[in-house]
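# Please find the sequence and the predicted model below.
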Amino acid sequence: MRITFFVYRLQRDRLMTTEFYRQDVEILRSLGHEVHIATRLREVPKQTDVVFLWWWNWLWLVGPVLKLRGLPIVVTGSLEPDIYEQKPWYYRLLVRAGLRFADRSVFVSQYMIDRLSAMMPLKDPLYCPHIVLDAYRPAGAENTRALPNVIFNVCWKTKNNVRRKMQPELIEAFALLRRDLPNAQLLLAGEPVDGQAALERRCAELGLGESVQFLGKISREEKISYMQRCGAYFQCSRHEGFGLALAEAMACGAPVVVNHNTAIPEVVGDCGYYVDDESPASIAKSLKRALTQPAEAQALGARAAARIDSEFRFDRRRTFLAAVLDGVHPEAHAIEPARRAA
């Protein structure tokens with residue numbers, strides 16, 4: 001089948017450096033399909049059987065054009081309710097209008113379906129979560145943490161994302177933690193955009209010095225290495241459509257410190273340290289527990305890795321998307337995919 005993998009108006013260099021795009025391209029190619037990449041309507045080839053579109057926010061614009069060409073559209077990604085309900089009325093209207101053009105809508109969390117269903121009519125919503133690639137594994141069978149004093153986090157550092165990922169609260173919590181654990185270190189990875197400078201200034205004001213390192217954009221191999229070795233991975237967030245970096249850390253056996261918001265409990269289950277509330281003091285308390293009880297943290301990280309293996313690996317999404325694509329392709333027998341991937 002000839003599939004156009006379409007992410008409208010995305011910079012092409014982000015397609016293969018953003019994990020969830022790369023995962024789905026790999027899945028489609030592993031199914032034996034010919035995959036063409038497009039970021040503009042003019043780049044969608046004439047000889048296309050199905051358009052596999054990431055994100056619903058531009059469907060109102062590209063959907064009518066693709067439908068005039070008679071193309072089936074499968075849409076996936078996150079349509080986060082917490083972001084959607086804060087948008088202007090005209091944005092919400094356009095998103096709702098665009099939903100009609102999707103032949104299949106594949107959401108990555110059940111939380112998203114439940115919340116959105118209360119806001120708007122969803123056309124045959126399907127659930128299949130993100131997956132974690134096999135490269136993300138614990139370093140060894142014992143899940144020994146080689147950097148037991150290190151707290152690690154990956155976050156794209158735009159102003160909005162820094163706030164969403166609770167980076168200021170993390171820095172305040174780390175300052176409190178250092179009073180009891182002066183050898184603790186905080187490693188913050190992620191492209192330094194317009195939100196990083198304020199974090200660096202606050203670290204200086206708190207006198208944290210070299211105990212906090214901003215690593216910038218790192219390779220996948222470096223990210224995996226830190227996730228395999230860190231004493232704790234932090235991902236409290238105001239809202240998550242899924243939480244892929246969190247799942248990757250779990251797959252590497254990292255003890256994760258999280259909150260109860262939105263889709264995070266779907267990913268973590270009972271395999272993480274949940275903060276009591278989102279105050280710096282509460283975050284510091286959970287981080288301290290992860291760093292000072294290594295046997296417990298190591299065992300919890302091993303359970304987290306086992307959870308990822310059973311719930312969020314490549315074959316689950318691959319099997320699901322194979323059925324979805326067969327169901328929308330005009331020359332194939334209709335296959336109604338399960339509401340949840342097996």
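All right, it came through fine. As the structure is a prediction and not an experimental result, all values here were calculated from the model. Residues are numbered from 1 along each chain as shown.
# Quick one: neighbours of Ile218, just the number.
Close neighbours of Ile218, defined as other C-beta atoms under 10 Å, add up to 16. Where C-beta positions appear, they are placed from N, C-alpha and C, glycine not excepted.
# Excluding chain neighbours, what is closest to it?
Ala189 (4.9 Å; C-beta to C-beta, 6 or more residues apart in numbering).
# I'd say the one you found and Val150 touch.
No: between Ala189 and Val150 there is no contact under C-beta atoms under 8 Å: 11.7 Å.
# need the contact list for the residue nearest to Ile218.
Contacts of Ala189 were listed using C-beta atoms under 8 Å, 6 or more residues apart in numbering, and they are 152-155, 215-218, 222-223, 226.
# domain parsing for the chain?
Using automatic domain parsing, the domain ranges for the chain come out as 2-131+313-328, 147-311.
# Kindly state which of those is positioned closest to Ala141.
domain 147-311 (8.9 Å; C-beta to C-beta).
# mind listing what's buried in stretch 153-173?
153-158, 161-162, 164-167, 169-173 (16 or more other C-beta atoms under 10 Å).
# Okay, and which of the residues you listed map to strands?
Among the buried residues of stretch 153-173, the members found in strands (DSSP state E) are 153-154.
# how about JSON lines for the domains of the chain, with distance to Arg137 and mean pLDDT added?
Formatted as JSON lines, the domains of the chain follow (distance: least, C-beta to C-beta, whole Å; pLDDT from 0 to 100):
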{"stretch": "domain 2-131+313-328", "distance to Arg137": "11", "mean pLDDT": "94"}
{"stretch": "domain 147-311", "distance to Arg137": "7", "mean pLDDT": "97"}
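# for these, which one ends up most surrounded?
Stretch with highest mean neighbour count among the domains of the chain: domain 147-311 (a mean of 20; mean count of other C-beta atoms under 10 Å).
# any idea how far it is from the chain center?
Taking the mean of its C-alpha atoms, domain 147-311 sits 14 Å from the chain's own mean (C-alpha atoms, centre = their mean, to the nearest Å).
# which stretch of helix or strand covers the residue nearest to Thr262 when sequence neighbours are not counted?
Closest residue to Thr262 apart from its sequence neighbours, by C-beta to C-beta, 6+ apart: His239 at 4.6 Å. Assigned by DSSP states H and E, His239 belongs to no helix or strand.
# Equivalent analysis for Arg92, please.
helix 89-98.
# Tell me which helix or strand comes right after that helix.
Using DSSP H and E, the helix or strand that directly follows helix 89-98 along the chain is strand 104-107.
# Give the partner strands of that next one in its sheet and their orientations.
The strands beside strand 104-107 in its sheet (DSSP bridges) come out as strand 73-77 (parallel), strand 125-127 (parallel).
# can I get those in CSV with distance to Asp24?
Below are the strands paired with strand 104-107 laid out as CSV (distance: least, C-beta to C-beta, whole Å):
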stretch, distance to Asp24
strand 73-77, 7
strand 125-127, 14
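# Quick one, which of those gets closest to Phe234.
In terms of C-beta to C-beta, the element of the strands paired with strand 104-107 nearest to Phe234 is strand 73-77, at 24.4 Å.
# got the angle for that closest one vs helix 89-98?
130 degrees (axes from the mean of the first three to the mean of the last three C-alpha atoms, to 10 degrees).
# Contact partners for the residue nearest in space to the middle of the chain?
What sits nearest the mean C-alpha location of the chain, by C-alpha atoms, centre = their mean, is Leu244, with 2.9 Å. Residues counted as contacts of Leu244 (C-beta under 8 Å, 6+ apart) are 19-20, 130, 132.
# quick one: the residue lying closest to Val106 once chain neighbours are set aside from His36, how far?
Using C-beta to C-beta, 6+ apart and skipping the chain neighbours, the partner closest in space to Val106 is Thr76 (4.1 Å). Going from Thr76 to His36 by C-beta to C-beta, to the nearest Å gives 17 Å.
# cool, and Glu205?
50 Å.
# who's in contact with the spatially closest residue to Arg100 that is not a sequence neighbour?
Closest residue to Arg100 apart from its sequence neighbours, by C-beta to C-beta, 6+ apart: Lys123 at 6.8 Å. Contacts for Lys123 (C-beta under 8 Å, 6+ apart) come out as 99-100, 102, 105.
# Phi, psi for Lys123 please.
phi -90, psi 100 (degrees, to the nearest 10).
# right, and the helix or strand after the helix or strand hosting Ala232?
Assigned by DSSP H and E, Ala232 belongs to strand 230-235. Once the chain leaves strand 230-235, the next helix or strand it forms, by DSSP H and E, is helix 244-251.
# Please save the CA atoms from that next one in PDB.
The C-alpha trace of helix 244-251 is given here as PDB (Å, rounded to 0.1, in the frame of the first residue of the first chain):
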ATOM      1  CA  LEU A 244       6.300   9.100  25.900                       C
ATOM      2  CA  ALA A 245       9.500  10.200  27.600                       C
ATOM      3  CA  LEU A 246       8.100   8.900  30.900                       C
ATOM      4  CA  ALA A 247       7.300   5.500  29.300                       C
ATOM      5  CA  GLU A 248      10.800   5.400  27.800                       C
ATOM      6  CA  ALA A 249      12.400   6.100  31.300                       C
ATOM      7  CA  MET A 250      10.200   3.300  32.800                       C
ATOM      8  CA  ALA A 251      11.300   0.900  30.000                       C
END
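# got the end-to-end distance for stretch 238-251?
Stretch 238-251 stretches 22 Å from its first residue to its last (C-alpha to C-alpha, to the nearest Å).
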